[in-house]
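Chemist: One predicted model, sequence on top.
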Amino acid sequence: MTTPARASRSTPKEGVGKSSYQLPEPPEKSPEDRMTSSRQLAPNGNMHSLIDYLGHEVTTIVVGDMPLTAAPRLPARQRRYPDLLVAFDVKPDLFKENRGYIVSEQGRPPDLVLEFASLSTRANDNGEKRDFYAAIGVQEYWRFDETDDSESVRLVGETLVEGVYQPLPVNPVSESVLEGYSPALNLCLRREDGDLRFYDRDRQRYLPTISEERARADAERIRANTAEQQARQYLQRQQELEALLRERGIDYV
C-alpha cells in the first residue's frame, strides 16, 4: 500500500497534557445535511477506505460530525462540526475523552476539513465556516457539492498560506469528473457524476468502495473454490487411473 505523504509521521509530541474535559454532544443536523454527508461517506465506504489507506491509527484521527474548537469551555458559537476531519500526529484517545477535537489539547490544528454543501449550508460553508477554519489553523479546507445548479461549487480545495486560504488546483478529468489533489492526504479528491471518490495517483486507482471490496472478495472466493474443485477432480482422475492400471496388472509408480 502506498504510504500517504502526511501519514508517516512519528508519535505525537510529548507535553500535551491529558484533559478530562468533555465537549457537549453535537447538535442534530437537518435531514438534508445528514442525508448528504451520510450518502457520500458511509454507504459507499469512503470513510472506511480513507482510514485504511492512511493507517497509523494510534496517531491519526479520521472522523465526521464531531466538535472542533480551539480550546475547552468556549461558547457554542466557537465550535464547528465538520463532515470530515483528518489530523495526523495527534492523540485519538484524548479525542475520545474530550468527545471532540480541541486544538489546544491536541497541540495542533487538523490537517484537513471537508464540508458537504447543501442548499441550506452553501453560504455558511463558503463564508463563516471558511473564516473559522482559517482562524484555528486548519491546513486544507475542501468543499464538495453533489448538485449541479448554477450556485454549486462542485469541488473546491484550499490550503492555508500565512493565515489566508489560497486555492488548490481543481481540473476536469473528463466531462463528468473533476479532480483536485490534496497534499495533506496524498490523494486526489474526485467529483464523479455527483459522487465523491478518493483517487490514488501513485497506484492509479480509486480507494475501493464497499461494493467493490465485496466484488473482489467474491471473485477471490470463486477462484479459491474453483482451484479446490480442480484439485479434487485431478486427484479423482489419478485414483481412477491407478485403479485401472492395477486391474491390468501394470505397476504404477
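Modeler: Good, I have the coordinates.

Chemist: so what's the spatially most central residue of the chain up against?
Modeler: With distances taken as C-alpha atoms, centre = their mean, the chain has Leu50 as the residue nearest its mean C-alpha position (2.9 Å). Contacts were defined as C-beta atoms under 8 Å, 6 or more residues apart in numbering; by that measure Leu50 touches Val62, Val86, Leu185, Phe198, Leu207. (Glycine included, C-beta is placed from N, CA and C.)

Chemist: Kindly indicate the member of the residues you listed with the most neighbours.
Modeler: Counting neighbours by other C-beta atoms under 10 Å, the top entry in those is Val86, with 27 neighbours.

Chemist: Wasn't it part of a strand?
Modeler: Yes: assignment of Val86 by DSSP: H, G, I helix; E, B strand; the rest coil places it within a strand.

Chemist: Which residue comes closest to it once chain neighbours are left out?
Modeler: Closest residue in space to Val86, ignoring its immediate chain neighbours: Leu112 at 4.3 Å, by C-beta to C-beta, 6 or more residues apart in numbering.

Chemist: pretty sure that neighbour is touching Trp142, no?
Modeler: Yes: with contacts counted by C-beta atoms under 8 Å, Leu112 reaches Trp142, the gap being 6.9 Å.

Chemist: now, which of the contacts of Leu50 sits nearest Glu179?
Modeler: The shortest separation between Glu179 and any of those is 10.7 Å, and it belongs to Phe198 (by C-beta to C-beta).

Chemist: quick check, the closest one in a strand?
Modeler: Yes: the assignment for Phe198, made by three-state DSSP, places it in a strand.

Chemist: Of the contacts of Leu50, which pair is most distant in space?
Modeler: In the contacts of Leu50, the most distant members under the criterion C-beta to C-beta are Val86 and Leu207, with 13.5 Å between them.
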